[in-house]
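Colleague: predicted model, plus sequence, below.
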Amino acid sequence: MIKYIGSKRTLVPRILAYAKAIRERTGAASFCDAFTGTTRVAQALKRAHFTVTANDLASYSEILAIAYIEADADEHRGPLTAAKIGHLNALPGRDGYFTQTFCVDSRYFQPGNGRRIDAIREEIERISDDRVERAILLTSLLEAADRVDSTTGLQMAYLKDWAPRSFNAMELRMPLLIPGAGTALRQDANALAATMAPVDIAYLDPPYNQHSYFSNYHIWETLVRDDSPESYGVARKRIDCRVTKSDYNAKGRSWATFESLVRAIPAKHLIVSFSNEGYFAHDDLVALLESRFHEVEAVPVDFRRYVGAQIGIHNSKGEKVGRVSHLTNQEFLFVAGPDAGRIVTDATATMAGAA
Ligand SMILES: C[S@@+](CC[C@H](N)C(=O)[O-])C[C@H]1O[C@@H](n2cnc3c(N)ncnc32)[C@H](O)[C@@H]1O
């Protein structure tokens, strides 16, 4: 799984427990993860045999969703794909856009790995024209590159000194595909809500502040699109980072955008992630969810602050210069819909029994 700010790794068991409790009470079967990012929540629900739709605006996220949610492991874990991954691992490197931009003009990857990324990216287009197989190979490349990068997990900057992992030779592995069918989409969540078929449960985890995922993960976007864009600044970001903005990153628009999403999404039950460091106010969110779903349960969950805050504040020479105010923020999960209170109680009891 790639390093991703806002990834809900620690919250997955809880979200899964709520979804299962909803299923116990209502027979719910379908689940939509409208801001799926790494797809880790969607993956857990697919493993639990929900019919899952995973959606996100990002191109790299769509690739991950095709591999982990749309692909059926029983169909795609075959020897042919494994052989192609072996072939890609054996390719000699060659200089190209990726090496120049992210290893010479900047230092996100060691040039040896960068040259192999250039060669492998080109070869994937040559050896695979199947949508799902191509996504599996690209996922394998993304995850392999992520294991040898030299960042703190964000692509706004690279480390002053090479990260120890960057010295490793990059190795592609077969992604751990999941049996069963699912759907991968790349749409604006609000546009999706206006057109999608009704689902039993939707999970909403939008960006909660001004930091743009498109900019934070510009290298993954470029690697997937393979469009060699003009780049700028020390971070060598894609030129279109200047103009590609999600409404959820704009303080003046985010609440109205979220409000219309909550009103429009055709889901019987909603699970919503919320952070007290974001643009939304807790009480506004409760009022909004109550106005549509009547029953709302707010569950506080502690969550470590993003990795940059844990590492500290540094100046341009890489020296620690300030103190981060706090290392945890307050996260909430909201469960909204019929029987929300009992669903949370059931799930809490199940989780306590399993602990
Ligand atoms: C907090 S992250 C989600 C993290 C995810 N739950 C995980 O565990 O990996 C928010 C995601 O919303 C996506 N995003 C931003 N604006 C969007 C929009 N208008 N519609 C759909 N996705 C959007 C970003 O690309 C990002 O992946």
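Modeller: Done, it's in.
Colleague: ok and the residue in this protein nearest the ligand?
Modeller: Closest residue of the chain to the ligand, C-beta to the nearest ligand atom: Gly37 (2.8 Å). Just so you know, the C-beta spots here come from the backbone N, C-alpha and C atoms, and that holds for glycine as well.
Colleague: which phi and psi does that residue have?
Modeller: Main-chain dihedrals, Gly37, degrees, to the nearest 10: phi 50, psi -110.
Colleague: tell me how many other residues surround it.
Modeller: By other C-beta atoms under 10 Å, 25 other residues sit near Gly37.
Colleague: same question, Glu259
Modeller: 16.
Colleague: what's the answer for Phe50, then?
Modeller: Around Phe50 there are 24 residues (other C-beta under 10 Å).
Colleague: for Leu270, which three-state class applies?
Modeller: Under DSSP: H, G, I helix; E, B strand; the rest coil, Leu270 falls in the strand class.
Colleague: can you get me a residue count around the nearest residue to it once chain neighbours are set aside?
Modeller: With sequence-adjacent residues excluded and distances taken as C-beta to C-beta, 6 or more residues apart in numbering, Leu270 is closest to Ala336, at 4.4 Å. Ala336 is flanked by 26 other residues according to other C-beta under 10 Å.
Colleague: what's near enough to touch Ala336?
Modeller: Taking C-beta atoms under 8 Å, 6 or more residues apart in numbering as the criterion, Ala336 is in contact with His269, Leu270, Ile271, Val272, Leu289, Glu290, Arg292, Phe293, Glu295, Val296, Glu297.
Colleague: Provide a PyMOL selection command restricted to the buried entries of these.
Modeller: The PyMOL selection below is limited to those of these classed as buried (16 or more other C-beta atoms under 10 Å):
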select buried, resi 269+270+271+272+289+292+293+295+296+297
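Colleague: which of the contacts of Ala336 lies closest to Phe258?
Modeller: Val272 (9.1 Å; C-beta to C-beta).
Colleague: hang on, the earlier thing: I'd say the residue of the chain closest to the ligand and Ala54 touch.
Modeller: No: distance between Gly37 and Ala54: 9.3 Å, which falls outside the contact criterion (C-beta atoms under 8 Å).
Colleague: and the residue of the chain closest to the ligand, how far from Asp56?
Modeller: Gly37 sits at a distance of 6 Å from Asp56 (criterion: C-beta to C-beta, to the nearest Å).
Colleague: same check on Ala340?
Modeller: Counting by C-beta to C-beta, the gap from Ala340 to Asp56 is 26 Å.
Colleague: ok, those two, which is more surrounded?
Modeller: Asp56 (26 against 23).
Colleague: gap between the residue nearest to Leu270 and Asn209?
Modeller: For Ala336 relative to Asn209 (C-beta to C-beta), the value is 23 Å.
Colleague: OK, contacts around the residue nearest to Met156 when sequence neighbours are not counted?
Modeller: Spatial nearest neighbour of Met156, chain neighbours left out: Ala235 (5.7 Å); criterion: C-beta to C-beta, 6+ apart. For Ala235, the contacting residues are Ser106, Gln155, Met156, Ala157, Tyr158, His218, by C-beta under 8 Å, 6+ apart.
Colleague: count the neighbours of the closest residue to the first one other than its chain neighbours for me.
Modeller: For Ser106, ignoring the flanking residues on the chain, the nearest one in space by C-beta to C-beta, 6+ apart is Arg236 at 4.5 Å. Neighbour count for Arg236, taken as other C-beta under 10 Å: 22.
Colleague: likewise His49?
Modeller: 11.
Colleague: need the three-state assignment for the nearest residue to it once chain neighbours are set aside.
Modeller: Distances taken as C-beta to C-beta, 6+ apart put Gly180 closest to His49, at 7.0 Å, once the chain neighbours are dropped. Secondary structure, three-state DSSP: Gly180 is coil.
Colleague: and the pLDDT at the residue nearest to Met156?
Modeller: Per-residue pLDDT puts Ala235 at 97.
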